[in-house]
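# here are the coordinates; sequence isn't available:
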């Protein structure tokens, strides 16, 4: 028996005017009026350019979304992926009824809770407690319902010490923890989340994913936008890939992610930072990360047989016992391995680490590296996600009947036949 459809999008499109706020000139308004009186389409909807932010347009109008159609059944978890400017946030604002589509219809059945921006609906002069009640009321909760869940919300957010402090003194991380906690405990039929995990630390990200998993297991619907492919892969059953305002793909999550990474994600073999822009925190700063394939020519592709060194340079703000953990993911979000250094005391200052990946180990695929800094084998200092990306190709694959060699890895093992 099929589940009821709770979201139905039928050819929704959103047109924006570039450069100015408003409808434009009087002549534009007259042309619109004349077209409307004759029962014709708005003439400026025909000339809108595609939403490619990297190019200068030759029109005053651009389509943020163009003819997006899909259905979401009750209890589904749908991920929306795409590059910045692809139209993801515009689509969520339409789904959340923050803005209306220029064309098309959107039908939604059920109560919606949306977390589109950090601290949406929070008043900076009010305390955390006051904002919980105010934000909960905005999202449709009764005072009795908020009071019943208040302790659970505060505990989830982990801001009990500051709950009676005005939120203008909160960090961005504390803001998003409290905002997500309110939205997640609303018990909506539909929960819409836009890149909330980008602000929180690793522990909070894990907590959020667990909470959204609980929401999904309760039969409620989740729409989730993120650039974290591992999070989308682990949470969502299906996904939509948006490209320049149009739907490039929709279907099973692993297939859509693989399509997205193949078309959009390029090799990123090196990241080198200055002291001023180095990512990290007050405990550790990442100064550089590099993929160093052992090639005869720098322009050669990385093959299945190529040995690879992965090198890191980082700065410790004070002496402590540290180990590094490297996680290697395929394009579909599967973790191939998680390897860690020995934990050892390191002095304040610059340190180096290198992982050697032998040839004839990795299969042909697109790979992403995450790097985790851990203190005393248990405390997470810093997580660098989607740090490096590289592609491994199979020199013997083309023309072979078997296509891609099956398996997550391709180890060169002794396998005799007599």
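That came through fine. Just so it is clear, the structure is predicted and the values come from calculations on it, not from any experiment.

# got a pLDDT number for residue 11?
Here, the pLDDT recorded for residue 11 equals 91.

# next up, the contacts around it.
67-69, 103-105 (Cβ atoms under 8 Å, 6 or more residues apart in numbering). In this view, the C-beta of every residue, glycine as well, is placed from N, C-alpha and C.

# for residue 348, grab the count of nearby residues.
11 (other Cβ atoms under 10 Å).

# what's the answer for residue 355, then?
The burial count for residue 355: 16, using other Cβ under 10 Å.

# surely it touches residue 307?
No - using Cβ atoms under 8 Å as the test, residue 355 is too far from residue 307 to be in contact (11.4 Å).

# which stretches of the stretch 51-200 of the chain form strands?
61-73, 77-81, 103-108, 112-115, 190-194 (DSSP state E, counting those that start in this stretch).

# how about low-confidence regions in the stretch 51-200 of the chain?
51-60, 117-121, 195-200 (pLDDT under 70).

# ranges for the helices of it?
For the stretch 51-200 of the chain, helices defined by DSSP state H, counting those that start in this stretch occupy the ranges 88-95, 128-138, 143-157, 172-184.

# need those helices in TSV with distance to residue 259 and mean neighbour count, can you?
Compiled in TSV, the helices of the stretch 51-200 of the chain are given as follows (distance: least, Cβ to Cβ, whole Å; neighbours: other Cβ atoms under 10 Å):
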stretch	distance to residue 259	mean neighbour count
helix 88-95	16	22
helix 128-138	37	20
helix 143-157	35	16
helix 172-184	29	23
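
# with distance to residue 256 added, can I get the ones you listed in a markdown table?
A markdown table is the format used below for those (distance: least, Cβ to Cβ, whole Å):
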| stretch | distance to residue 256 |
| --- | --- |
| helix 88-95 | 13 |
| helix 128-138 | 33 |
| helix 143-157 | 30 |
| helix 172-184 | 25 |
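
# nearest to residue 80, of those helices?
helix 88-95 (5.1 Å; Cβ to Cβ).

# distance between the closest one and the chain's centre?
With Cα atoms, centre = their mean, to the nearest Å as the basis, helix 88-95 stands 15 Å off its chain's centre.

# same deal with stretch 113-129?
21 Å.

# end-to-end on it?
19 Å (Cα to Cα, to the nearest Å).

# to residue 260, which of the helices of the stretch 51-200 of the chain lies closest?
Across the helices of the stretch 51-200 of the chain, residue 260 has its closest neighbour in helix 88-95 (11.8 Å, Cβ to Cβ).

# just list what the closest one packs against, helices and strands only.
strand 5-17, strand 61-73, strand 77-81, strand 103-108, strand 112-115, strand 190-194, strand 221-225 (3 or more Cβ pairs under 8 Å, 6 or more residues apart in numbering; DSSP states H and E).

# so for residue 256, which of these sits nearest?
Smallest distance to residue 256 across those (Cβ to Cβ): 7.0 Å, for strand 77-81.

# so what touches the closest one?
Against strand 77-81 from outside (Cβ under 8 Å, 6+ apart): 72, 88, 91-92, 212, 216, 221-227, 229, 232, 235-242, 253, 256-257, 260.

# buried ones among those residues?
Buried members of the contacts of strand 77-81, scored by 16 or more other Cβ atoms under 10 Å, are 72, 88, 91-92, 212, 216, 221-227, 229, 232, 235-236, 238-242, 253, 256-257, 260.

# which among the contacts of residue 11 gets closest to residue 160?
Proximity of the contacts of residue 11 to residue 160 was ranked by Cβ to Cβ; the top entry is residue 68 with 41.7 Å.

# now that the closest one has come up, it's in contact with residue 9, right?
Yes - with contact defined as Cβ under 8 Å, residue 68 reaches residue 9; the gap is 5.7 Å.

# so what sits against both of those two?
By Cβ under 8 Å, 6+ apart, the residues touching both residue 68 and residue 9 are residue 104.

# so where's the stretch 201-350 of the chain uncertain?
Counting by pLDDT under 70, the stretch 201-350 of the chain contains low-confidence ranges at 201-202, 265-266.

# can you pull out the strands in it?
221-225, 238-243, 246-252, 270-272, 284-293, 308-316, 320-329, 335-340, 344-346, 349-357.

# distance between the last one and the chain's centre?
Translated: strand 349-357. With Cα atoms, centre = their mean, you get 28 Å for strand 349-357.

# so what touches that strand?
Residues contacting strand 349-357 (Cβ under 8 Å, 6+ apart): 287, 307-316, 324, 326, 339, 341.

# that one to strand 284-293, inter-axis angle?
Relative orientation of strand 349-357 versus strand 284-293 (axes from the mean of the first three to the mean of the last three Cα atoms, to 10 degrees): 30 degrees.

# in strand 349-357, which residues are buried?
Applying 16+ other Cβ under 10 Å to strand 349-357 flags 351, 353, 355, 357 as buried.

# and what of the third one?
Of the residues in strand 246-252, those buried under the neighbour-count criterion (16+ other Cβ under 10 Å) are 246-250.

# turn these into a markdown table, columns for distance to residue 37.
What follows is these, written out as a markdown table (distance: Cβ to Cβ, whole Å):
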| residue | distance to residue 37 |
| --- | --- |
| 246 | 31 |
| 247 | 33 |
| 248 | 37 |
| 249 | 40 |
| 250 | 38 |
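
# what is the nearest of those to residue 379?
Using Cβ to Cβ, the buried residues of strand 246-252 come closest to residue 379 at residue 249, 39.7 Å.

# pretty sure that closest one sits against residue 259.
Yes - between residue 249 and residue 259 there is a contact at 4.9 Å, judged by Cβ under 8 Å.
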